[in-house]
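Colleague: okay, predicted coordinates and the sequence, questions at the end:
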Amino acid sequence: INVTSGGAALTLQAGRSIDINAKITTNNSNLTLTANDTVANGVVNLQRSSGAATINLTGIEINTGSATFTATISTKSTSGDITLDNVTAGALVISNNGATAGSDILGNVGGVLTITGVTTLAAGSSNDITLDTSTNNFQGAVVITSGEDVTLVDANAINLGASTVSGTYVVTATSGNITD
């Protein structure tokens, strides 16, 4: 998908999972993905696919330019992981609100996150956040609103915003400082 004119936000909503298998470029417009969406947003429970809701971006690229990329799994029904791959965005907002244990936020091995603004991550107090590719580049603050075991790696310096982590918090700045 290639949005050729700015200002045209793109929203994808699913009653269960979202699997993106091709590049999405939004020309500096917001991109929002919502899996396990609710009846209030038009989902018919009897038409939901079986299995855990996931958002899977493995092997593709998301580029919102200076705009925000948001990916959310809502609390409805069984949930699984949000797996990110190559993302370039002005801001990143990832929320895994799933109630199922193991509803994590993961980075695909080799996928690079290049975020020029604030990154906000929420996985719940019993789910993990693992974004450990050595070439990630979080240029703005990284805020963890909830997560159990959190691992972040940045190729350069990393600025940590307010964070609520219930387990271990491992941060690596490969060639710069860690600040908060």
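Modeller: Structure's in. What do you need?
Colleague: nearest spatial neighbour of residue 174, skipping sequence neighbours?
Modeller: Leaving aside its sequence neighbours, residue 174 sits nearest to residue 155 (C-beta to C-beta, 6 or more residues apart in numbering; 5.1 Å). For glycine as for every other residue, the C-beta is placed from the backbone atoms N, C-alpha and C.
Colleague: tell me which residues touch the one you found, please.
Modeller: 134, 135, 136, 137, 174, 175 (C-beta atoms under 8 Å, 6 or more residues apart in numbering).
Colleague: let's go with 6 Å and repeat that
Modeller: Neighbouring residues of residue 155 by C-beta atoms under 6 Å, 6 or more residues apart in numbering: 135, 137, 174.
Colleague: next: residue 16.
Modeller: Contacts of residue 16 by C-beta under 6 Å, 6+ apart are 48, 49, 53.
Colleague: now it, what's its secondary structure?
Modeller: coil (DSSP: H, G, I helix; E, B strand; the rest coil).
Colleague: how much space between it and residue 68?
Modeller: Counting by C-beta to C-beta, to the nearest Å, the gap from residue 16 to residue 68 is 24 Å.
Colleague: repeat for residue 62
Modeller: For residue 62, the distance to residue 68 - C-beta to C-beta - is 11 Å.
Colleague: so which of those two has more stuff around it?
Modeller: Between residue 62 and residue 68, residue 62 has the larger neighbour count (other C-beta atoms under 10 Å), namely 24 against 20.
Colleague: ok, what's across the strand from residue 142?
Modeller: Beta bridges link residue 142 to residue 119, residue 160, judged by DSSP bridges.
Colleague: can you confirm residue 40 is in a helix?
Modeller: Yes. With three-state DSSP as the criterion, residue 40 is part of a helix.
Colleague: that one: how many residues sit nearby?
Modeller: Neighbours of residue 40 using other C-beta under 10 Å come to 8.
Colleague: over to residue 153?
Modeller: Residue 153 has 20 neighbours, counted by other C-beta under 10 Å.
Colleague: correct me if wrong: residue 30 contacts residue 11.
Modeller: No. Using C-beta atoms under 6 Å, residue 30 makes no contact with residue 11, being 8.2 Å away.
Colleague: which one of these two has more residues nearby?
Modeller: For residue 30 versus residue 11, the count of surrounding residues by other C-beta under 10 Å is larger for residue 30: 19 against 10.
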